[in-house]
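**Q** just need the structure, nothing else, for what follows:
(2 chains)
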Protein chains: 2
Amino acid sequence: MTASEILTLDPTADVAQLTADIMDIESVSGNEKALADAVGAVLRSCEHLEVVREGDSLIARTNLGRQERVILAGHLDTVPLPHVQGSRGTVPSRWEGDVLYGRGATDMKGGVAVQLALAVALTEPSRDVTYVFYDHEEVEASLSGLGRLVGSFPEWLQGDFAVLLEPTNGTVEGGCNGTARFDVTTTGRAAHSARAWMGENAIHGVAEVLVRLRDHEPATVTVDGLDFRESLNAVLITGGTAGNVIPDRAVVEVNYRFAPDKTPEQAEEYVRSLLEGFDVVRTDAAAGARPGLNHPAAAEFVAAVGEEPKPKYGWTDVARFSAMGIPAVNFGPGDPLLAHSDDEHVHADAIRACLKALNEWLA
Amino acid sequence: MTASEILTLDPTADVAQLTADIMDIESVSGNEKALADAVGAVLRSCEHLEVVREGDSLIARTNLGRQERVILAGHLDTVPLPHVQGSRGTVPSRWEGDVLYGRGATDMKGGVAVQLALAVALTEPSRDVTYVFYDHEEVEASLSGLGRLVGSFPEWLQGDFAVLLEPTNGTVEGGCNGTARFDVTTTGRAAHSARAWMGENAIHGVAEVLVRLRDHEPATVTVDGLDFRESLNAVLITGGTAGNVIPDRAVVEVNYRFAPDKTPEQAEEYVRSLLEGFDVVRTDAAAGARPGLNHPAAAEFVAAVGEEPKPKYGWTDVARFSAMGIPAVNFGPGDPLLAHSDDEHVHADAIRACLKALNEWLA
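**A** Residues are numbered from 1 along each chain as shown, chains lettered A, B, ... in the order given. Purely as a prediction, here's the structure:
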């Protein structure tokens, strides 16, 4: 590859314009190479940074011997481009006044631009900083570039505190709930539906499962000062074989989003106890993450941002840092509810405010 | 076609052997021609019978000016041959001692053989008799040969009483329950399952529907002296869109098998009242049939058979006769629970007993 083939980013430009330039390099999961090349070129041009790359993931870090080290992390990939022709949530980006539209506007090119601007500008930060840019976040967890880096460069991912620059509307969202899925199966005995008394109806048998879920009051659990609201829901249901047969099987898929005070095993115990008497099989689970806001670096970060932190309800990669013993929060520009939508957009000022907050904390 | 291409049946042979000979002419729905040809040749050879044919359906009748006319009816087709190699429920038939195995052994070559033997033997029956042999019973109702005959030869299907020779284990099964299907739909509001309080769970909303169905006590209704046991069941259920989305829609398919004292409209009214407050749409309905056992011809028939009549729970073509104002019962050799199975079989004596009973009634 010749140098001219690497697209050029200007990290000293206005960070909102840098966001647009990054968005213009299409980077749907699996196609992050061009963007990783461009980001890598910027990072390697900085004498104050040490850089490694694996696949399309990059780590850059300062080595100033500071007392604390913080990690800023974000993913390079996006979900696929919109199917709807004429959608504004596509590539290349487009400005409408001060609002930037296009794929990644919310999730999470603004955060990546802030990381890159800080990496270049902060030649002497108050804390050592490790910048992580990774691929394959928007696909199955086994492909995650961050997961790969944890395995390949564990010593590069040591730190006292991590900030994941996922969109949070500019507030600090601490930790995240865990998630677990269960199949609850009822069985009966098939029979012709004209002679129902010869059989046993497995769909009628599921009534009690749904009643318990419907009547269950999900808890709100305070962890490290944040109130984590839980959710426990039937998300899918199937049952029966034909219109003239008494059903002999029904399956309810249940999703439990549990506060980070519980392990997946404790979450499972809770669901088993609620659905006692039924056949419950756990099919999937991911631990949550405690917000760790009692850590000094975290407290100073929250003070620098200047807004009351909130809990994160959805599962994010902060849980990977948490699993390594590193407290982590989400903090980034853009409305998370717009993520993955065909109307992704972000206000230029939101990106600039995020850069300013992190700069004040680290400069 | 030359005469030699028509397979020959001997209606004066033992009726059990005649059954085996009929089974050996493969007649899966849509392929009834060879059997209809063979049956037609026998009927047309009888000087005491008047015969019409349409497609692969045949009607033959005596015209002796008797006070009453009875109809004996049966279908020529079978369900498809078994998928399982080496199954005994296939074609050609096979004797194991006095038990006849093969496709149609139960449903309903024994009945067809009895009809054919009677048609030939009863040159001067005590009542005028109309013999109906029809195609396409085992497939969707719109293809039914009997339905077609009702439209093309209505005057040939007049009568005081009808016997459908479907398998009933040799007892009289009077009338039949009706059947109706309903889609019960609940709706909610989709949301991410990590923020369930932003949505409304349509699967939880279905709990009350299932509780009412589970707790419902189906009625037993006495009609013309027979006790018709009803069934009301959820037979299919689907709901939800993905494992991380609060479901905004769930659908329960409900099947109501209702006694023949009700019209389909009254059955619908009953289900709507039970599921009041829910979105209920009727998707399908077929009226039942009153057994009509108070009719003199029916009473004499029951006396000739000599066993206590029972109600028929499944829907059968007796309902088509009932709709024409003709009381009708099911009466035939073989266990109805073996119908459509890969183990279809019938005892030779059951076929002979059926012939004997009808012969005593009509000779």
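
**Q** can you pull out the helices in the stretch 151-300 of chain A?
**A** A:207-215, A:264-274, A:296-305 (DSSP state H, counting those that start in this stretch).

**Q** compare these and give me the one nearest chain B.
**A** Across the helices of the stretch 151-300 of chain A, chain B has its closest neighbour in helix A:207-215 (3.5 Å, CB to the nearest CB). C-beta: built from backbone N, CA, C; applies to glycine.

**Q** report the buried residues of the closest one.
**A** A:207-210, A:212-214 (16 or more other CB atoms under 10 Å in any protein chain shown).

**Q** just stretch A:195-207 next, same as before
**A** If you call a residue buried by 16+ other CB under 10 Å, then stretch A:195-207 has these buried ones: A:195-196, A:199-207.

**Q** output these as TSV; include the columns pLDDT.
**A** What follows is the buried residues of stretch A:195-207, written out as TSV (pLDDT from 0 to 100):
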residue	pLDDT
A:Arg195	88
A:Ala196	92
A:Gly199	92
A:Glu200	96
A:Asn201	97
A:Ala202	97
A:Ile203	98
A:His204	98
A:Gly205	98
A:Val206	98
A:Ala207	98
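
**Q** before we move on, back to that, out of the buried residues of helix A:207-215, which is nearest to A:Cys46?
**A** Checking the buried residues of helix A:207-215 against A:Cys46 by CB to CB gives A:Leu213 as the nearest, at 53.2 Å.

**Q** got the contact list for that closest one?
**A** A:232-234, A:252, A:254, A:274, B:204, B:207 (CB atoms under 8 Å, 6 or more residues apart in numbering or on different chains).

**Q** kindly recompute the last result at 10 Å.
**A** A:184, A:232-234, A:252, A:254, A:271, A:274-275, B:201, B:203-204, B:207 (CB atoms under 10 Å, 6 or more residues apart in numbering or on different chains).

**Q** could you do A:Asp107 as well?
**A** Going by CB under 10 Å, 6+ apart, A:Asp107 touches A:74-75, A:77-79, A:137-138, A:166-167, A:332, A:334-336, A:338-341, A:344, A:346.

**Q** Three-state assignment for it, please.
**A** Three-state call for A:Asp107 (DSSP: H, G, I helix; E, B strand; the rest coil): coil.

**Q** same question, A:Leu337
**A** helix.

**Q** the residue nearest to A:His216 when sequence neighbours are not counted bridge partners, please.
**A** Once flanking residues are discounted, A:His216 sits nearest to A:Leu232: 5.6 Å by CB to CB, 6 or more residues apart in numbering or on different chains. Beta bridges link A:Leu232 to A:Tyr256 when assigned by DSSP bridges.

**Q** sorry, back to before: and the contacts of A:Asp107, which of them are buried?
**A** Among these, those classed as buried by 16+ other CB under 10 Å are A:74-75, A:77-79, A:137-138, A:166-167, A:332, A:334-336, A:338-341, A:344, A:346.

**Q** check these against chain B, which are close?
**A** Among these, the residues within reach of chain B (CB under 10 Å from any CB of the partner chain) are A:Pro336.

**Q** out of the buried ones among the contacts of A:Asp107, which are inside strands?
**A** Using DSSP state E, the subset of the buried ones among the contacts of A:Asp107 located in strands is A:74-75, A:346.

**Q** quick check: A:Thr62 touching A:Ala119?
**A** Yes: assessed by CB atoms under 10 Å, A:Thr62 is found in contact with A:Ala119 at 8.8 Å.

**Q** helix/strand/coil for A:Leu81?
**A** Classified using three-state DSSP, A:Leu81 is coil.

**Q** for it, which non-adjacent residue is spatially closest?
**A** A:Thr90 is the one closest to A:Leu81 (CB to CB, 6+ apart), at 5.3 Å.
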